[in-house]
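Enquirer: predicted model follows, preceded by the sequence.
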Amino acid sequence: MPDEEVDDAVEAGLPLEAPETPTLEILRHSAAHLMAAAVVELFPGAQYDVGPSIQDGFFYNFQLPDGATFSETDLARIEARMQELVKKRIPFEREVLPREEAGALFAELGQDFKVDIIDRMPDSVDRVGIYRTGDFVDLCRGPHVRDTGKLKATRLLRVAGVYWRGDERNQQLQRIYGTAWFSREELDAYLERLAEAERRDHRRIGRDLDLFSVSEELGGGLVLWHPKGGLIRGLIEDHWREAHRRGGYEQVFSPHIAQRTLWETSKHVDFYAESMYSPMDVDGRPYQLKPMNCPFHILIYKDRLRSYRELPIRLAELGTVYRYERSGVLHGLLRVRGFTQDDAHIFCRPDQIEEEIGRVVDFSMEMFRTFGFDQVSIYLSTKPEKAIGSDEQWRAAEAALERQLRNRGIDVVINPGDGAFYGPKIDMKVHDALGREWQCATVQFDFSQPENFGIEYIGEDGDRHRPVMVHRALLGSMERFFGVLIEHYAGHFPLWLAPVQCVVATVQDDVPAVVELGEGIASRMAAAGLRAEVSAKAGERLGARIRDAKLQRVPYIVVVGAKDVERGDDVVSLEDTRRGTKGEAVAVDELIARLRTEVEEKRPS
RNA sequence: GCCGACGUAGCUCAGUGGUAGAGCAGCCGCCUCGUAAGCGGCAGGCCAAGGGUUCGAAUCCCUUCGUCGGCUCCA
């Protein structure tokens, strides 16, 4: 998220010329000014706050007089006015004013936000830059394009309510988002990208492919996995379990509720209360739906005395947790109130911690590759405001995490203050087919819980020592990962995950020998462990069967008809819907062998 | 939770004050057809819920619930 304050918190600099070849960022920032100019003309008395360029576009925050708000129909009017200003080729003119003069100027214009920004500038600032575009004047560092004529490929996209200075205790402003490009063609390409993202929307595909549902009747943020979605989840989980066994993890299970005292010990009650559901009464004692799995794994660790020889102990669980999320944030599978984390907690000696972190990073990269994610961005989050543990502990842990990443030649982005309350974390975001980043894996160093629960091990020296703990999820949650996977593949799952791997479409549906041939092929495939279905419903043409199978994203379609029955050579016509080949003559046995190989290799697409 | 938009059949959507519609899906027939939709029929709606205005409300107003786009927050 851009720092809204930075872009317009202008300091006086040298006079800037409009660059010969403006960057997209400059173009978009200029487009933001243009939009603000149009808004101020159309909505007298509107105050403007900040308007930076952002990824793919720009926004500007406004406050309309008398608490008025923009509605989406206003966008067309504003855009039309912008177009007029574009035609006039109004120059962007820079001036540098003494600070007091600028303050007086904006005060006179009734632009309180600008006055406020000037007031907040450090004392060292004595001159500030402003830009004029016709009658519109804005506090701004620049640079800008030469004139508004450069801003032809601009489109306003949506309005949003936002909190002043990003703090929800503050008043709400109106924000308009837009996008701007050098050319009409680039703008169209961008809009097409948005349309493609919409076509890939996992909620859309989830319904079309009958994978999952969420419903009002059930309750927001709660997911029903339908048979096909459930099948895919099961396959993902099978792979996950197998990988974890090989990776030295031991699978455990824990209940969905526990006594509230457990959450008091873990300090979740203190630090995580707003995400936890109200306690329920069990025999007069408060119990709590679990928002995290860690305390359970700690209890497993703690159930008996541990030796240094046992460490590291890696306890993994597909643990379903429940967290209160505010109604406005719920979103399909990506943001829900009940979800299953692919969780694990690693208990180890301090001397093992770095190696363990490195292992987890390698392990997750391998896991992502299996699902077709080759590119991953890595973020390191440091101590937040609300945290337990000393600054020294935090700094040491942060350094350990960073060292392991750097050792692997990984570029790390630091997110200051974004860690969990019990320790710093590494977040891994996968890049999908459209280049979008999705938060999946998180690796969190935790030096607090071992203390909270007083867990120990007996060291080589015979004394008791405190283990350290790494909390990690790779896929993140089954729900979110599934949503991301759907969008990444646009529903075209790799063969090993495809709910139906092959449809055997019959040409005729009323010729018993043809239907029998189709059914025979499907059952041979089923016997070989493949998921095949016959499409022979009465009243449909072959074209309709093919179409249905393709809309259902079935990877392979076999066509059989009367001619195949006559020939009797066990060779069928194969269509590979992902590669777009059709009419390939292939023997059924060979087909089965081919698909089995593809499944066994878990070929990612 | 906040700002905006939207809630009409399983799905996608028409319908802006005067008797609720279409396409797809479903069901029933007819056609037996070779690589993305054959043809015909039937059935399907308390127009999100509640309240109001009106002779009359899917349509106008209010409230609630939900969904969507953002904000804040997050796996």
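Expert: Sure, I can see it.

Enquirer: hey, let's count contacts and neighbours off CA atoms from now on
Expert: Fine.

Enquirer: give me the pLDDT value at the nearest residue to residue A:561 once chain neighbours are set aside.
Expert: Nearest non-adjacent residue to residue A:561, counting by C-alpha to C-alpha, 6 or more residues apart in numbering: residue A:507, 4.8 Å away. pLDDT for residue A:507: 94.

Enquirer: now do residue A:15
Expert: pLDDT, residue A:15: 48.

Enquirer: please apply the same query to the one 4 residues further on.
Expert: According to the model's per-residue confidence, residue A:19 sits at a pLDDT of 66.

Enquirer: where along the stretch 51-200 of chain A do the strands fall?
Expert: In the stretch 51-200 of chain A, the segments counted as strands under DSSP state E, counting those that start in this stretch are A:53-54, A:57-63, A:92-98, A:127-133, A:136-139, A:153-163, A:172-181.

Enquirer: should've said the stretch 401-550 of chain A
Expert: Along the stretch 401-550 of chain A, counting by DSSP E, counting those that start in this stretch, strands occupy A:412-415, A:425-431, A:437-446, A:457-458, A:464-465, A:468-477, A:502-506, A:532-535.

Enquirer: so the residue nearest to residue A:561 touches residue A:562, yeah?
Expert: Yes: counting by C-alpha atoms under 8 Å, residue A:507 touches residue A:562, with 7.5 Å between them.

Enquirer: and the two? Which one has more around it.
Expert: Between residue A:507 and residue A:562, counted using other C-alpha atoms under 10 Å, residue A:507 has the larger neighbour count: 22 against 17.

Enquirer: closest to the centroid, which residue in chain A?
Expert: residue A:438 (3.0 Å; C-alpha atoms, centre = their mean).

Enquirer: which pLDDT value does the model give that one?
Expert: Residue A:438 is assigned a predicted lDDT (pLDDT) of 90.

Enquirer: pretty sure it contacts residue A:431?
Expert: Yes: counting by C-alpha under 8 Å, residue A:438 touches residue A:431, with 6.5 Å between them.

Enquirer: next, count neighbours for the closest residue to RNA strand B within the stretch 201-350 of chain A.
Expert: Nearest residue of the stretch 201-350 of chain A to RNA strand B (C-alpha to the nearest atom of the strand) works out as residue A:328 at 3.1 Å. Residue A:328 has 6 neighbours, counted by other C-alpha under 10 Å.

Enquirer: can you pull the contacts of residue A:341?
Expert: Taking C-alpha atoms under 8 Å, 6 or more residues apart in numbering, we find residue A:341 in contact with A:317, A:318, A:319, A:320, A:321, A:473, A:475, A:476, A:477, A:478.

Enquirer: tell me the contacts of the residue nearest to the fourth one when sequence neighbours are not counted?
Expert: The shortest distance from residue A:320 to any residue other than its chain neighbours is 3.9 Å, reached at residue A:340 (C-alpha to C-alpha, 6+ apart). With contacts taken as C-alpha under 8 Å, 6+ apart, residue A:340 has the following neighbours: A:318, A:319, A:320, A:321, A:477, A:478, A:479.

Enquirer: hey, what's the second one bridged with?
Expert: Read that as residue A:319. Beta-bridge partners recorded for residue A:319 (DSSP bridges): residue A:341.

Enquirer: residue ranges for the helices of the stretch 1-150 of chain A, please.
Expert: Assigned by DSSP state H, counting those that start in this stretch, the stretch 1-150 of chain A shows helices spanning A:4-8, A:24-42, A:72-87, A:99-108, A:112-120.

Enquirer: mind checking which of those helices is nearest residue A:577?
Expert: Residue A:577 lies closest to helix A:24-42 among the helices of the stretch 1-150 of chain A, at 38.5 Å (C-alpha to C-alpha).

Enquirer: could you measure from residue A:143 over to residue A:129?
Expert: Residue A:143 is 10 Å from residue A:129, where distance means C-alpha to C-alpha, to the nearest Å.

Enquirer: the two - which one has more neighbours?
Expert: residue A:129 (25 against 22).

Enquirer: the closest residue to residue A:438 other than its chain neighbours: what's it in contact with?
Expert: Nearest non-adjacent residue to residue A:438, counting by C-alpha to C-alpha, 6+ apart: residue A:429, 4.9 Å away. Residues counted as contacts of residue A:429 (C-alpha under 8 Å, 6+ apart) are A:376, A:377, A:378, A:437, A:438, A:439, A:440, A:441.

Enquirer: secondary structure of the second one: a strand, I assume?
Expert: Yes: assessed with DSSP: H, G, I helix; E, B strand; the rest coil, residue A:377 lies in a strand.

Enquirer: thought it was touching residue A:430?
Expert: Yes: contact criterion C-alpha under 8 Å: residue A:377 and residue A:430 qualify, at 6.4 Å.
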